[in-house]
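Undergrad: below: sequence and its predicted model.
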Amino acid sequence: MYTAPRKHLSKDIFNSAIAAYAISAANELGVLGELQKYNCVDINDFANNNNLDVSSLKAIINVLCSFEICRPAEVDNCFYQGSVFEDIYNNQGFFLWLTRGYGELMQKLASITVKSNRINNYIPQDGRYIALASRQQGKLMVDTYFETALFEVSFNCVVDLGCGSGERLIELAKKCPQLKGIGIDISSKAVELAKSLVSEANCQDRITIFRDDMRNLQPKKEFFDVDTIFSFFSGHDMWPKENCVSILRNFRDIFPNANRFLLCDTYSSGLIPSSQIPIFTLGFETIHAVMGQHIPSLEEWMNLFPESKWRCVNQYYVEVPFCTIFDLRAE
Ligand SMILES: C[S@@+](CC[C@H](N)C(=O)[O-])C[C@H]1O[C@@H](n2cnc3c(N)ncnc32)[C@H](O)[C@@H]1O
């Protein structure tokens with residue numbers, strides 16, 4: 001139902017856009033991490049230690065101060081956490097996702113909307129930053145719920161479809177010394193990132209990363225032992241419905257020994273436009289609409305499962321708005 005959005009003046013909207021970039025930059029440069037750790041940052045020291053231009057850093061900090069994300073300390077050039085720091089810190093990955101993962105798409109919103117420009121790879125996105133942002137937000141909002149769900153049933157060999165940075169596989173491999181894992185992602189930048197993080201974690205003998213499209217997987221000997229599939233924030237890529245049904249059915253053949261599939265995805269909110277929109281939802285739904293990607297509602301997902309050869313036996317809460325983990329079992 002439509003509820004009239006709150007009135008925002010142009011100055012608020014303009015300044016919020018600047019703040020989104022400043023938050024993303026402060027995240028990427030490690031300033032938010034420093035403030036979280038020490039509750040105080042000396043920007044001269046921080047700039048020196050990290051080879052940063054101090055006046056650019058100061059400008060970023062000034063924007064953060066304008067939104068009470070940080071505040072000046074008594075000592076010159078030092079800043080404390082501000083009154084809204086914690087909220088921003090806990091949501092910083094969403095800003096990275098927006099400004100770095102889809103920054104170019106947002107910049108080209110008008111030209112991408114022109115029909116004649118919608119040909120051959122017209123969607124600019126940066127798979128590395130999408131993966132990094134998802135990793136950051138996943139750690140804060142998803143992973144404890146995921147692990148609670150996963151550990152309810154035993155597993156030895158898992159596949160992560162749309163694995164992004166591979167972080168979930170790496171964390172599981174650290175916790176389960178016998179575990180074998182496979183990560184599959186369509187983005188070459190995400191695959192490159194995942195491979196390097198897997199090597200850094202010294203897990204390359206147990207985790208294999210493949211570049212592939214999960215919508216079109218072919219059998220591989222490595223897939224035979226997989227007993228558990230999971231997929232985070234890429235399930236909507238399998239839609240429209242007929243495609244999704246046949247892809248999910250295909251997983252039964254591709255992973256013949258997989259009995260469980262934890263499918264976590266963001267579903268359509270039905271909220272836009274409204275005054276009730278939480279963080280992420282407006283960006284997620286706008287960007288996918290522009291990309292021509294249908295975002296199914298919760299009801300659409302639930303109506304699809306009976307046709308998919310996967311039975312939904314449970315749903316688990318996660319903190320990302322309009323998002324759930326479907327616990328699917330092979331029929
Ligand atoms: C939002 S990111 C999430 C990454 C990771 N699952 C996480 O939660 O941190 C979605 C990932 O799915 C990948 N992806 C999207 N469509 C895919 C497809 N058809 N096949 C394989 N990977 C896909 C993207 O490249 C991206 O890395």
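TA: It's in.

Undergrad: in the stretch 1-150 of the chain, what residue comes closest to the ligand?
TA: residue 134 (3.2 Å; Cβ to the nearest ligand atom). C-beta coordinates here come from the backbone N, C-alpha and C atoms, glycine included.

Undergrad: you'd agree that residue is in a helix?
TA: Yes. Counting by DSSP: H, G, I helix; E, B strand; the rest coil, residue 134 falls inside a helix.

Undergrad: list the contacts for it?
TA: By Cβ atoms under 8 Å, 6 or more residues apart in numbering, the contact set of residue 134 is 93, 97, 164-165, 232-233.

Undergrad: narrow the residues you listed to those in helices?
TA: Secondary structure defined by DSSP state H assigns residue 93 of the contacts of residue 134 to helices.

Undergrad: the contacts of residue 134: which ones sit near the ligand?
TA: Restricting the contacts of residue 134 to those near the ligand by Cβ under 6 Å from any ligand atom leaves 164-165, 232-233.

Undergrad: state the pair within these that is farthest apart.
TA: Using Cβ to Cβ, those span at most 11.8 Å, a distance reached by 165 and 233.

Undergrad: those two: which is more packed in?
TA: residue 165 (24 against 20; other Cβ atoms under 10 Å).

Undergrad: look up how far residue 316 lies from the more buried one.
TA: 21 Å (Cβ to Cβ, to the nearest Å).

Undergrad: what does the stretch 1-150 of the chain put close to the ligand?
TA: 127, 130-131, 134-135, 138.

Undergrad: and the stretch 201-331 of the chain, by the same measure?
TA: Checking the stretch 201-331 of the chain against the ligand by Cβ under 6 Å from any ligand atom, the hits are 213-215, 232-234, 237.

Undergrad: circling back to that earlier point, turn the ones next to the ligand among the contacts of residue 134 into TSV, columns for pLDDT.
TA: Shown next, in TSV, are those (pLDDT from 0 to 100):
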residue	pLDDT
164	97
165	97
232	98
233	97
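
Undergrad: specify the beta-bridge partners of residue 229.
TA: Bridge pairing for residue 229 (DSSP bridges) gives the partners residue 159, residue 261.

Undergrad: grab the most central residue of this protein for me.
TA: residue 134 (2.6 Å; Cα atoms, centre = their mean).

Undergrad: re the thing from before, and the residues of the stretch 1-150 of the chain next to the ligand, which is closest to residue 280?
TA: residue 134 (11.2 Å).

Undergrad: what number of residues lie near residue 96?
TA: Residues lying near residue 96 (other Cβ under 10 Å) number 24.

Undergrad: identify the residues contacting it.
TA: In this structure, residue 96 makes contact with 24, 27-28, 129, 132-133, 136, judged by Cβ under 8 Å, 6+ apart.

Undergrad: find the nearest non-adjacent residue to it, please.
TA: residue 133 (4.0 Å; Cβ to Cβ, 6 or more residues apart in numbering).
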